[in-house]
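S.K.: Mind looking at a prediction? Sequence and model below.
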Amino acid sequence: MRIAKLIVAVASVLSMASVAGGQMRESATAPPKLVVLVYQRFAFEKTAEIDQWEIGAARACQGLDVPNSWIVMDSVTGEPEALSFDPFDSFEQMEKPVAEWGAIYAAHPELGRLQAQIMTALTSQRTVIAVRRDDLSYRASRIDLSKARFMRVLEVRLHPGREEDFEEAFEKLSAAYEKAQSDLPWVVYQVNLGTPSPTFLAFVPMRAVGQNDDLLRSHASVLAAEGEAAERMQQIAREAYASMESNLYAVKPKKSHVSAGFAAGDPEFWGASTGTAK
């Protein structure tokens, strides 16, 4: 739902953006080639109302031919915020919501009213568009987003011109995870639009919070697998990283709107969040 009001702001620059992605096999539940991420914070006193409005908006979209889907996540750590994860296959595909959401709101005024209430309760908002980088990910082809209940998100902002250093570090990290035979995959995205400095995001989908224990248990084996590369990776982190933040988010199916193909991956969890989003 958030994308409906925000995509217009980026429509004029889509033609300027370049896409550098991989060749991972696609499916309805695989990490998308392109993702629009909307970070929103709301007035504390509006928390209960926001939940009601977002659930109501998602329900209102059931059965409608809306032009896109979205997964809403609420923060578990860090500052209280909501993160909307809106998947796309290309920048061209993002043009469809720009053309269609206005007509949808006009035909369904109650949906427009709910969206307006959500927007008026905002205290801050930021939107980024990011492109999947399979070459920097770990076993991303094994990820099934429909099974995710939580999402661990690592955001790394770099000093200008240090993208190649980050790429080197994560190629070494992925190789170490492969050597250690970790069974917890992750996918990396490179921000294409929306941040003042080069930024990469690593998403670790989790079925349960307890999978963080798996990360802790595998730390020693991954560190050993890094070998001589560990020192180089630490050097890159010291010199190339401007900031690094890791947070955990909980997936909220009642606030989300996903395609029937996506929901088929776990229909009991997604339930009525399905619709006719393409």
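M.R.: Cool, the structure landed.
S.K.: So, low pLDDT: which residues of this structure?
M.R.: For the chain, applying pLDDT under 70 flags the ranges 1-26, 272-278.
S.K.: Which stretches in the stretch 51-200 of the chain count as strands?
M.R.: Using DSSP state E, counting those that start in this stretch, the strands assigned to the stretch 51-200 of the chain run over residues 71-75, 82-88, 122-138, 150-158, 186-193, 199-206.
S.K.: So what sits opposite the residue positioned nearest the centre of the chain in the bridge?
M.R.: Among the residues of the chain, Phe85 comes closest to the average C-alpha position under C-alpha atoms, centre = their mean, at 4.2 Å. The residues listed as beta-bridge partners of Phe85 by DSSP bridges are Leu37, Ile71.
S.K.: Name all residues that make contact with it.
M.R.: Shown in contact with Phe85 (C-beta atoms under 8 Å, 6 or more residues apart in numbering): Val35, Leu37, Trp70, Ile71, Val72, Met73, Met151. Where C-beta positions appear, they are placed from N, C-alpha and C, glycine not excepted.
S.K.: what about it, distance to Val36?
M.R.: Computed as C-beta to C-beta, to the nearest Å, the Phe85 to Val36 distance reads 8 Å.
S.K.: How about Ala264?
M.R.: From Ala264 across to Val36, the span is 23 Å (C-beta to C-beta).
S.K.: got it, and His108?
M.R.: Summarising the geometry, the distance separating His108 from Val36, computed by C-beta to C-beta, is 22 Å.
S.K.: So between those two, which is more surrounded?
M.R.: Just comparing His108 and Val36: by other C-beta atoms under 10 Å the higher neighbour count belongs to Val36, 25 against 15.
S.K.: The more buried one is in contact with Met94, isn't it?
M.R.: Yes: the criterion here is C-beta atoms under 8 Å, and Val36 meets it with Met94 at 7.3 Å.
S.K.: Show me the helices in the stretch 1-150 of the chain, by range?
M.R.: Secondary structure of the stretch 1-150 of the chain (DSSP state H, counting those that start in this stretch): helices located at 2-11, 47-60, 91-107, 109-120.
S.K.: now these in TSV, with mean neighbour count and distance to Val191?
M.R.: Supplementary listing: the helices of the stretch 1-150 of the chain in TSV, determined by neighbours: other C-beta atoms under 10 Å; distance: least, C-beta to C-beta, whole Å:
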stretch	mean neighbour count	distance to Val191
helix 2-11	19	12
helix 47-60	18	25
helix 91-107	16	14
helix 109-120	16	23
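S.K.: Quick check: Leu114 vs Pro253, distance?
M.R.: Where Pro253 is concerned, Leu114 sits at a distance of 18 Å (C-beta to C-beta).
S.K.: go on, Met73?
M.R.: Using C-beta to C-beta, we find Met73 at a distance of 10 Å from Pro253.
S.K.: what about Pro67, distance to Tyr39?
M.R.: Distance from Pro67 to Tyr39, counting by C-beta to C-beta: 22 Å.
S.K.: more neighbours, those two?
M.R.: Pro67 (21 against 17).
S.K.: My read is that that one contacts Gly102, right?
M.R.: No: contact between Pro67 and Gly102 fails when scored by C-beta under 8 Å: they sit 11.1 Å apart.
S.K.: What is the neighbour count of Lys179?
M.R.: As a burial measure, the neighbour count of Lys179 was computed by other C-beta under 10 Å and equals 14.
S.K.: Find the nearest non-adjacent residue to it, please.
M.R.: Spatially, and ignoring its direct neighbours in sequence, Lys179 is nearest to Ala225 (3.9 Å; C-beta to C-beta, 6 or more residues apart in numbering).
S.K.: Check the gap between Lys33 and Asp89 for me.
M.R.: 5 Å.
S.K.: cool, and Gln115?
M.R.: Counting by C-beta to C-beta - Gln115 and Asp89 are separated by 24 Å.
S.K.: same thing with Asn247?
M.R.: Asn247 is 27 Å from Asp89, where distance means C-beta to C-beta.
S.K.: Thought Ala57 was touching Glu110, still the case?
M.R.: No: with contact defined as C-beta under 8 Å, Glu110 and Ala57 do not form a contacting pair (9.3 Å).
S.K.: Can you say which of the helices of the stretch 1-150 of the chain is nearest to Pro160?
M.R.: Of all the helices of the stretch 1-150 of the chain, it is helix 2-11 that lies closest to Pro160, at 21.8 Å by C-beta to C-beta.
S.K.: The residue nearest to Lys179: helix or strand, and which one exactly?
M.R.: Using DSSP states H and E, Ala225 falls within helix 211-226.
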